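K.L.:
Have a look at this fold, sequence not included:
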Ligand SMILES: NCc1[nH]cc(CCC(=O)O)c1CC(=O)O
């Protein structure tokens with residue numbers, strides 16, 4: 001499209017900005033509650049709400065509390081909640097077997113939410129890091145992360161989540177070929193309607209720091225994740241990964257982190273037109289919430305602006321820790 005306009009003064013751009021009513025008429029994008037996926041942190045116990053120090057306003061919730069949270073989210077109109085477990089360190093092992101335990105925290109919470117709150121979609125996380133004593137998303141063998149052995153484990157984890165009732169499976173591990181393997185296993189077990197939202201373009205990012213605190217993986221992690229997560233310098237590679245994952249059967253794709261990667265969101269949406277999501281990650285949340293707490297920015301305005309920008313960049317939706325807060329504002 002080539003924008004065309006008459007020269008000044010026939011064209012005065014400020015004419016279409018002169019009042020709230022006129023600005024509303026020419027607004028190109030909208031943010032709505034239906035765009036939100038709410039990531040929440042789980043922990044064991046009962047009646048527990050435990051603040052996450054590096055994410056002001058975010059708490060780890062025991063299962064009874066997460067059911068309450070899901071009920072509230074559903075009543076606000078939030079379509080999906082995404083579960084991340086804080087695993088007791090005594091359950092973390094090098095073989096990561098807790099990841100596919102049918103009764104692990106994530107699967108137990110999924111069943112509890114699906115029972116009590118049928119009208120919210122449950123998304124789960126596929127990766128070994130919450131269960132790995134070495135903190136990586138895959139197995140660690142001789143200091144390396146073996147791809148194919150890890151994919152076998154991710155498939156077991158996927159099936160345990162589908163059996164627990166997960167609606168959307170979110171592989172965040174960045175192993176090659178996992179989408180195809182997961183899709184085939186889901187199909188073979190009759191889970192034809194279980195969706196896959198692939199973390200297709202996931203970058204090795206410093207913005208995940210507070211999340212690793214929240215799930216207790218910071219202390220455990222040996223080394224970094226640069227042999228499987230993407231180099232922040234790359235953009236063409238993101239398109240190749242998205243194409244690969246769509247061809248393997250992903251229903252939806254994600255770019256992660258969000259705000260520093262809006263150019264990737266736009267390229268992905270333009271190139272494939274697939275349902276495209278961004279993850280406004282823990283460090284992005286912490287920057288806004290932390291600055292707001294100090295009185296350095298208007299937290300509410302910054303939150304709304306940041307989320308609108310994802311829509312402008314072509315995203316169909318956003319995973320954001322701000323979901324309930326923003327839903328309350330949007331609902332008036
Ligand atoms: N499988 C790990 C995982 N899943 C979601 C996040 C980050 C989310 C956030 O920072 O909010 C991470 C962190 C990582 O890759 O180390």
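P.N.:
Received, thanks. Remember, it's a predicted structure, so these values are computed and weren't measured experimentally. Numbers count the residues shown, from 1 in each chain.

K.L.:
separation between residue 296 and the ligand?
P.N.:
21 Å (Cβ to the nearest ligand atom, to the nearest Å). For glycine as for every other residue, the C-beta is placed from the backbone atoms N, C-alpha and C.

K.L.:
For this structure, which segments are assigned as strands?
P.N.:
Assigned by DSSP state E, the chain shows strands spanning 36-42, 49-51, 59-61, 80-85, 121-126, 168-171, 195-202, 252-256, 276-280, 317-320.

K.L.:
Let's have those in TSV, adding mean pLDDT, mean neighbour count and distance to residue 91.
P.N.:
Listed next are the strands of the chain as TSV, based on pLDDT from 0 to 100; neighbours: other Cβ atoms under 10 Å; distance: least, Cβ to Cβ, whole Å:
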stretch	mean pLDDT	mean neighbour count	distance to residue 91
strand 36-42	98	24	13
strand 49-51	97	13	17
strand 59-61	97	21	15
strand 80-85	98	24	10
strand 121-126	98	23	16
strand 168-171	98	26	21
strand 195-202	98	25	24
strand 252-256	98	25	26
strand 276-280	98	27	26
strand 317-320	98	24	25
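
K.L.:
how about a markdown table for the ones you listed, with distance to residue 138 added?
P.N.:
What follows is the strands of the chain, written out as a markdown table (distance: least, Cβ to Cβ, whole Å):
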| stretch | distance to residue 138 |
| --- | --- |
| strand 36-42 | 21 |
| strand 49-51 | 28 |
| strand 59-61 | 24 |
| strand 80-85 | 17 |
| strand 121-126 | 11 |
| strand 168-171 | 11 |
| strand 195-202 | 13 |
| strand 252-256 | 17 |
| strand 276-280 | 20 |
| strand 317-320 | 22 |
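
K.L.:
Would you mind confirming that residue 186 makes contact with residue 160?
P.N.:
No - between residue 186 and residue 160 there is no contact, the gap being 11.8 Å when judged by Cβ atoms under 8 Å.

K.L.:
anything in the helix or strand of the chain with the lowest mean pLDDT near the ligand?
P.N.:
Ranking every helix and strand in the chain by mean pLDDT, DSSP states H and E puts helix 209-214 at the bottom, with a mean of 91. Yes - using Cβ under 6 Å from any ligand atom, helix 209-214 reaches the ligand at 211-212.

K.L.:
what comes into contact with that helix?
P.N.:
41, 52-55, 58, 60, 84, 86, 135, 218, 221, 281-283, 285-286 (Cβ atoms under 8 Å, 6 or more residues apart in numbering).

K.L.:
gap between it and the chain center?
P.N.:
Centre-to-centre, helix 209-214 and its host chain are 14 Å apart (Cα atoms, centre = their mean, to the nearest Å).

K.L.:
now stretch 92-100
P.N.:
Centroid separation for stretch 92-100 versus its chain: 22 Å, with Cα atoms, centre = their mean.

K.L.:
what's the answer for stretch 63-79, then?
P.N.:
For stretch 63-79, the distance from its own C-alpha centre to the chain's C-alpha centre is 17 Å (Cα atoms, centre = their mean).
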